[in-house]
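1. heads up, no residue letters with this:
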């Protein structure tokens with residue numbers, strides 16, 4: 001097994017210098033640091049995790065608290081999880097994935113165990129019961145999501161309210177006057193999940209700003225649920241020409257249902273979704289969409305947590321501006 005002494009001999013420096021380069025606790029000249037890092041790579045040296053943790057008084061592990069609840073779309077969640085894991089490794093940290101829905105008790109259990117240095121939380125509700133506990137924990141935390149009150153927290157998310165507005169503006173600019181939001185499953189709204197509530201609020205605000213009627217409906221993510229929702233929508237509002245979809249699992253069934261109803265996209269119905277680009281691009285026709293930037297959000301959450309671990313201040317709220325890409329699923333309504 002390669003030791004720190006072996007690295008020191010290979011680099012022609014003292015073992016303490018190798019330790020300082022690896023820990024960053026002292027300023028070392030660029031030339032010396034480069035020699036040490038080259039020796040580490042050439043010898044394949046890996047610091048002992050236990051010794052490193054004792055020396056730094058850290059576990060070198062962060063927790064990703066991602067409770068798997070009804071109405072959540074697993075493929076998108078895994079994009080977040082993978083990004084958090086890979087970004088944490090860049091900071092020499094591993095990730096403990098906590099998927100059980102234990103609420104406050106789960107946070108307190110993980111924090112009290114001394115297994116982790118900090119926490120990243122997802123699936124944040126507007127009135128999340130975990131928020132008061134986070135303010136009292138002796139471990140720093142970052143939320144991917146925005147509760148109603150961000151005081152004393154560090155939150156990062158897509159600006160979902162602006163995303164809902166942006167989808168409406170895109171359809172209105174094309175000439176659509178009768179549009180609807182096909183939203184998340186009912187369970188997501190029942191929990192007052194932040195991203196769903198904010199998207200709906202943005203959609204309603206933009207529709208009302210243009211003097212149009214706001215039509216919003218939750219939608220189950222099964223084929224039967226999507227068919228029932230879309231059938232009821234067009235029965236109640238036969239003049240609909242534009243749909244905003246904020247339900248990743250419903251996208252494929254919705255496109256199939258529209259085809260089955262004989263409603264051509266985009267000639268008769270324009271569809272714009274809030275989803276990852278790869279989901280939008282592989283549809284036929286490719287969907288106009290607002291990107292869910294899982295990679296950027298996961299990276300930013302870990303970076304903010306590391307700043308907090310190092311004692312640096314962070315902003316309470318970081319919102320990423322929505323980016324809409326127009327593709328083949330939206331066009332002016334045929335009646336215009």
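-> Sure, I can see it. Source: prediction; values computed, not measured. Residues are numbered from 1 along each chain as shown.
2. what's near enough to touch the residue nearest the centre of the chain?
-> Centrality entry for the chain: nearest residue to the mean C-alpha point is residue 294, 4.4 Å, by CA atoms, centre = their mean. Residues near residue 294 by CB atoms under 8 Å, 6 or more residues apart in numbering: 76, 79-80, 83, 276. In this view, the C-beta of every residue, glycine as well, is placed from N, C-alpha and C.
3. any idea how far it is from residue 174?
-> Between residue 294 and residue 174 the distance, using CB to CB, to the nearest Å, works out to 28 Å.
4. name the element residue 97 belongs to?
-> Element membership for residue 97 (DSSP states H and E) is strand 94-98.
5. what packs against whichever helix or strand comes after that strand?
-> Using DSSP H and E, the helix or strand that follows strand 94-98 in sequence is helix 103-112. In terms of contacts (3 or more CB pairs under 8 Å, 6 or more residues apart in numbering; DSSP states H and E), helix 103-112 is packed against strand 61-65, strand 94-98, strand 118-121, helix 130-136.
6. now the ones you listed in a markdown table, with distance to residue 316, mean pLDDT and mean neighbour count?
-> Formatted as a markdown table, the entries for those read as follows, by distance: least, CB to CB, whole Å; pLDDT from 0 to 100; neighbours: other CB atoms under 10 Å:
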| stretch | distance to residue 316 | mean pLDDT | mean neighbour count |
| --- | --- | --- | --- |
| strand 61-65 | 19 | 93 | 24 |
| strand 94-98 | 24 | 91 | 16 |
| strand 118-121 | 15 | 95 | 24 |
| helix 130-136 | 12 | 92 | 17 |
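7. Relative to residue 308, which of these is closest?
-> Counting by CB to CB, residue 308 lies closest to strand 118-121 out of the helices and strands packed on helix 103-112; the figure is 6.7 Å.
8. Not counting the closest one itself, show me its contacts.
-> The contact list for strand 118-121 (CB under 8 Å, 6+ apart) reads 62-65, 84, 107, 110-111, 130, 134, 137, 139-145, 301-302, 305, 308-309.
9. do that again at 7 Å, thanks
-> With contacts defined as CB atoms under 7 Å, 6 or more residues apart in numbering, strand 118-121 is touched by 62-65, 84, 107, 110, 130, 139-144, 301-302, 305, 308-309.
10. thinking residue 153 is in contact with residue 143, fair?
-> Yes - look at residue 153 against residue 143 with CB atoms under 7 Å: they come within range, at 6.1 Å.
11. Which of these two has more residues huddled nearby?
-> residue 143 (27 against 20; other CB atoms under 10 Å).
12. That one sits in which helix or strand?
-> With elements taken from DSSP H and E, the one containing residue 143 is strand 141-144.
13. how far is that strand from where the chain is centred?
-> From the chain centre to the centre of strand 141-144 is a distance of 11 Å (CA atoms, centre = their mean, to the nearest Å).
14. Show me what it packs onto, helices and strands only.
-> Where contact means 3 or more CB pairs under 7 Å, 6 or more residues apart in numbering; DSSP states H and E, strand 141-144 is packed against strand 118-121, strand 155-158, helix 294-309.
15. same thing but 6 Å
-> With contacts defined as 3 or more CB pairs under 6 Å, 6 or more residues apart in numbering; DSSP states H and E, the packing partners of strand 141-144 are strand 118-121, helix 294-309.
16. Alright, that wraps it up for me.
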